[in-house]
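S.K.: For reference, the sequence and a predicted model appear below.
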Amino acid sequence: MAFGMGNDIHDTLNAARQEKTSVELQLRGGQTFKGMVQTVNLEYATIGPLAGREYFDAQVRIADICAVCVQVRGK
């Protein structure tokens with residue numbers, strides 16, 4: 001997975017979903033959610049299962065996301 005200047009958060013979430021890459025979302029309020037992107041539409045993304053809370057998913061408003069962290073290089 002690679003970032004590009006032409007990509008917005010919606011594009012990045014869709015790419016992570018297609019490549020089955022774990023993401024960490026940082027929200028404007030300071031909360032973070034880490035997990036796999038399950039679904040993405042124009043307004044919301046569903047993340048789950050959440051790291052450390054395996055029985056929970058989160059539906060996040062894309063407008064509230066200020067950063068998407070993904071592993072783009074090998075270890």
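M.R.: Okay, I see it.
S.K.: For the spatially most central residue of the chain, give the beta-bridge partners.
M.R.: Residue closest to the average C-alpha location in the chain (C-alpha atoms, centre = their mean): Val23, at 4.5 Å. With DSSP bridges as the criterion, Val23 is bridged to Gly35, Val70.
S.K.: Look up how far Gly35 lies from it.
M.R.: Distance of Val23 to Gly35, given as C-beta to C-beta, to the nearest Å: 7 Å. Every residue, glycine included, has its C-beta placed from N, CA and C.
S.K.: hey, what's in contact with both of the two?
M.R.: Residues touching both Val23 and Gly35 (C-beta atoms under 8 Å, 6 or more residues apart in numbering): Ile47.
S.K.: before we move on, the earlier item: tell me which residues touch the residue nearest to the centre of the chain, please.
M.R.: Leu13, Ala16, Lys34, Gly35, Met36, Val37, Ile47, Val68, Cys69, Val70.
S.K.: Going by residue numbers, what spans are helices in the chain?
M.R.: Along the chain, counting by DSSP state H, helices occupy 9-19.
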